[in-house]
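Novice: let me see the structure of the following:
(chains A and B)
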Amino acid sequence: MNRQVDSATLSGGKLMNRQEEMFTPRLKSRQLRNAIFKWIFFGANVVGLLALVLLLGDVVRDSWGWLDWDFITSFPSRFPEKAGIKAALFGTIWLMVITALVAIPVGVATAVFLEEYARKNRFYAAIQTNISNLAGVPSIVYGILGLTIFVRWMMLGRSILAGGLTMALLILPIIIVAAQESLRSIPNSWRHASLALGATRWQTIRYVVLPASLPGILTGVILALSRAIGETAPLIPVGALTFIMTVPKDFMDPFTVLPIQIYNWTSRPQDEFRCIAAAGIIVLLIVLLSMNATAIFLRNKYQKKVVE
Amino acid sequence: MMAGNSNARSWSERIIEVLLAAAVSVSILTTIGIVVSLVGETTGFFREVSLVEFFTAKEWTPLFTPAHYGIAPLVAGTFLVTVIAIAVAAPLGIASAIYLSEYASVKVRRVIKPILEILVGIPTVVYGYFALTFITPIIRHILPDTDVFNALSAGIVMGIMLIPMISSLSEDAMTAVPRSLREAAYALSATKLEVALKVVIPAAISGIVASFILAFSRAIGETMIVTLAAGGTPNLTINPLESIQTMTAFIVQIILGEAPFGSIEYQSVFAVAFVLFLLTLSLNIIGHWIVRRYREVY
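Specialist: Numbering: from 1, shown residues only, chains lettered A, B, ... in the order given. Model (predicted):
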């Protein structure tokens, strides 16, 4: 600190004492500051937890008494007491089947091509950039894409098929990136061993690489599908916000889904509709949490396997 | 016979490779599809409305006569909500990242990380419900002049939604800082706080900034929270207690209003979506570029 004081006391055994006098109090206050900030930083994490608790508490309180079996097995209605989520629930299931049937094969195939076949050149880098940019496109823009390409150009109309294809494109980048990471984690020595035994490239992928990377891919797929289940915005332009009194029977039927139904009820001014919106949220969150729990379970199992 | 077999094999190998390559083309076609579908109607829009009016007029009233098409109020509304969201999420996200990367034990991390992951997994329509039915009444209780739909409530909830994103991206940047840098500081008797603030954060600053930019882009494109809680009034204001309209909320409003195909309102949706797409795309490119550049340092 003060050089003059330092040099003035340089001679003699007094030096140590003086230094301690100068530094000890500072160290204490520095450590105190450290301790205080440790709790402040910890508190930032508590804010997230607190928000989660408040959100769940709010939803549970609002939906209290409204969530029963009738709510799940009834169609929407102008009267909140009679309204239910049957159409939305079936719509969500149909939509997820289409989305999964399209997005999983295309996504995994893309990842296999990029990791197992493509040379790591500028083409690879360009595709990779394209995929990460697609992941950042706002979901409402995917809705506009679905409206233009699927609803109008391909004349699918406001059907489950148009909705499912739109949703598949939305989650494609998530599946591709997860599958790529999983494929990269397979050691090259496994591939070499298989090729050395005379297996072709595809046989190596089919019987060695894919089985080993399956848990990782599956985790990514479940997380991507749980994103799709909760998405509202991309389905609005595709026309899912309609009053539907039937269960869809084929791919070309009009449809609605849980988040859309929740949005519809939330945006009405009457308190009763807010209550059934909250009941719908509970159903949606239960579906989502069980999907996420499955994903986490798979990931933990997979991580243990790698350690072995 | 052997030769025939391997010939058939190489044929099927070839076909599989072509099929896989076709899958890759889907993601390229998606990008092309987005650009084409936006540009088509946007050109139609700009045949009716001049670029000068679009970017300089201060009113956005496509449903009134006379109609005005100045995007400024929608952009201002979007930025107002986004700035509030970042003001909430940035300090909390960084503090959370510092705790996770510098202080937390493995055990504590194992509890905190899954909770943050749950926050990421909650659908945006649920956040919108939370903003409208929980945060808004609290704000209106404290400040009674607040509109039912307001930018503040949507911004706060969007900020909560962004905490995990900023936290996890910044934490990645902080854990990438070499241990030797921290140990050098500890050897000079620095406390953990001093190491975090004077060594780790400066070394990870580009990654932290990138996390802000990516969160910013995510917030601009967010639709359901603002549609439910921020209102539907294009409003050139910086008062967070007023009802505003964001670009995304405008798109939803017009589409739900069933604007006839080919009409100027219908086309205005595409023009706004195009601006939204370009904004988020450039932010994402900048964000990813910073992350990549920064990774090369170590």
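Novice: tell me the centre residue of chain B?
Specialist: Geometric centre of chain B, nearest residue: B:Arg218, 0.3 Å, by CA atoms, centre = their mean.
Novice: I'd assumed B:Val26 was in contact with A:Thr110.
Specialist: Yes. Look at A:Thr110 against B:Val26 with CB atoms under 8 Å: they come within range, at 7.0 Å. Every residue, glycine included, has its C-beta placed from N, CA and C.
Novice: common neighbours of the two, please.
Specialist: Residues touching both A:Thr110 and B:Val26 (CB atoms under 8 Å, 6 or more residues apart in numbering or on different chains): A:Leu172.
Novice: what distance do you get for B:Trp60 to B:Gln253?
Specialist: 11 Å (CB to CB, to the nearest Å).
Novice: same question, B:Val52
Specialist: 25 Å.
Novice: more neighbours: which of those two?
Specialist: B:Gln253 (18 against 9; other CB atoms under 10 Å in any protein chain shown).
Novice: which residues sit in contact with the residue nearest to A:Ala233 when sequence neighbours are not counted?
Specialist: Nearest non-adjacent residue to A:Ala233, counting by CB to CB, 6 or more residues apart in numbering or on different chains: B:Thr223, 3.9 Å away. For B:Thr223, the contact set (CB under 8 Å, 6+ apart) comprises A:Pro138, A:Ser139, A:Ile140, A:Thr232, A:Ala233, B:Thr124, B:Thr248, B:Ala249, B:Ile251, B:Val252.
Novice: mind listing the helices for the chain?
Specialist: As the question left the chain open, I've gone with chain A. Under the criterion DSSP state H, chain A contains helices at A:3-8, A:14-63, A:69-73, A:86-112, A:122-135, A:139-146, A:160-184, A:188-196, A:201-204, A:210-230, A:235-238, A:258-266, A:271-307.
Novice: you looked at the wrong chain, it should be chain B
Specialist: B:2-48, B:51-56, B:72-98, B:106-121, B:124-130, B:136-142, B:151-175, B:179-187, B:192-195, B:201-221, B:224-229, B:247-256, B:264-295.
Novice: winner for burial among those helices?
Specialist: helix B:224-229 (a mean of 31; mean count of other CB atoms under 10 Å in any protein chain shown).
Novice: what pLDDT, on average, does that one get?
Specialist: On average, the pLDDT along helix B:224-229 is 94.
Novice: try stretch A:153-163
Specialist: pLDDT averaged over stretch A:153-163 gives 90.
Novice: need the contact partners of that stretch.
Specialist: A:91, A:94-95, A:98, A:146, A:150-151, A:165, A:235, A:238-240, A:242, A:248, A:251-255, A:257.
Novice: just the buried ones from those, in PyMOL syntax?
Specialist: In PyMOL, this line selects whichever of the contacts of stretch A:153-163 come out buried by 16 or more other CB atoms under 10 Å in any protein chain shown:
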select buried, chain A and resi 91+94+95+98+146+150+151+165+235+238+239+240+248+251+253+254+255+257
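Novice: hmm, back to that, who touches both of B:Trp60 and B:Gln253?
Specialist: What both B:Trp60 and B:Gln253 touch, as defined by CB under 8 Å, 6+ apart, is the set B:Gln245.
Novice: for B:Leu214, give me its contacts.
Specialist: Taking CB under 8 Å, 6+ apart, we find B:Leu214 in contact with A:Gly136, B:Met165, B:Leu169, B:Leu283, B:Asn284, B:Gly287, B:His288.
Novice: pick out whichever of those sits closest to B:Ser206.
Specialist: Among the contacts of B:Leu214, B:Gly287 lies closest to B:Ser206 (CB to CB), at 10.4 Å.
Novice: the closest one contacts B:Ile208, doesn't it?
Specialist: No. With contact defined as CB under 8 Å, B:Gly287 does not count as touching B:Ile208 (11.3 Å).
Novice: now the contacts of B:Thr223 in a markdown table, please, with extra columns for distance to B:Glu48.
Specialist: As requested, those are exported to a markdown table (distance: CB to CB, whole Å):
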| residue | distance to B:Glu48 |
| --- | --- |
| A:Pro138 | 25 |
| A:Ser139 | 28 |
| A:Ile140 | 23 |
| A:Thr232 | 31 |
| A:Ala233 | 27 |
| B:Thr124 | 33 |
| B:Thr248 | 23 |
| B:Ala249 | 23 |
| B:Ile251 | 18 |
| B:Val252 | 22 |
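Novice: who in the stretch 51-200 of chain B is up against chain A?
Specialist: B:91-96, B:98-100, B:102-103, B:112, B:114-119, B:121-130, B:132-134, B:160, B:163-164, B:189, B:191-194 (CB under 8 Å from any CB of the partner chain).
Novice: which phi and psi does B:Ser105 have?
Specialist: With angles defined as degrees, to the nearest 10, B:Ser105 sits at phi -80, psi 170.
Novice: ok, now A:Met245?
Specialist: phi -110, psi 10.
Novice: also B:Leu143?
Specialist: For B:Leu143, the backbone dihedrals (degrees, to the nearest 10) come out as phi -120, psi 90.
Novice: what comes up buried for stretch A:156-164?
Specialist: Neighbour-count burial for stretch A:156-164 [16+ other CB under 10 Å]: A:Leu156, A:Arg158, A:Ser159, A:Ile160, A:Leu161, A:Ala162, A:Gly163, A:Gly164.
Novice: right, and out of those residues, which lies closest to chain B?
Specialist: Nearest to chain B among those: A:Arg158, at 11.3 Å, using CB to the nearest CB.
Novice: give me the low-pLDDT residue ranges for the stretch 151-298 of chain B?
Specialist: Within the stretch 151-298 of chain B, the segments meeting pLDDT under 70 span B:294-298.
Novice: closest to B:Phe277 out of the helices of chain A?
Specialist: Nearest of the helices of chain A (CB to CB): helix A:139-146, 5.3 Å.
Novice: most centrally placed residue in chain A?
Specialist: A:Arg227 (4.6 Å).
Novice: how is the chain divided into domains?
Specialist: Just going to use chain A. Using automatic domain parsing, the domain ranges for chain A come out as A:3-63, A:69-307.
Novice: nope, chain B
Specialist: Structural domains assigned to chain B are B:2-48, B:72-295, following automatic domain parsing.
Novice: how about the ones you listed in TSV, adding distance to A:Asp58?
Specialist: Formatted as TSV, the domains of chain B follow (distance: least, CB to CB, whole Å):
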stretch	distance to A:Asp58
domain B:2-48	36
domain B:72-295	4
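Novice: and the residue of the stretch 151-298 of chain B found nearest chain A, what is it in contact with?
Specialist: Closest approach between the stretch 151-298 of chain B and chain A, counting by CB to the nearest CB: B:Gly221, at 2.6 Å. By CB under 8 Å, 6+ apart, B:Gly221 lies in contact with A:Gly136, A:Val137, A:Pro138, A:Ser139, A:Ile140, A:Val141, B:Thr248, B:Leu276, B:Thr280.
Novice: can I get those residues in CSV including distance to A:Ile282?
Specialist: Converted to CSV, these look like this (distance: CB to CB, whole Å):
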residue, distance to A:Ile282
A:Gly136, 31
A:Val137, 30
A:Pro138, 27
A:Ser139, 23
A:Ile140, 26
A:Val141, 30
B:Thr248, 26
B:Leu276, 32
B:Thr280, 32
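Novice: wait, which of these is closest to B:Thr42?
Specialist: For the contacts of B:Gly221, the nearest to B:Thr42 is B:Leu276 (11.5 Å; CB to CB).
Novice: leaving aside the residues next to it on the chain, what's closest to the one residue in the stretch 201-308 of chain A that gets nearest to chain B?
Specialist: Closest residue of the stretch 201-308 of chain A to chain B, CB to the nearest CB: A:Gly230 (2.9 Å). Leaving aside its sequence neighbours, A:Gly230 sits nearest to B:Pro123 (CB to CB, 6+ apart; 2.9 Å).
Novice: that older thread, for B:Val126, see how far away the residue nearest to the centre of chain B is.
Specialist: For B:Arg218, the distance to B:Val126 equals 17 Å [CB to CB].
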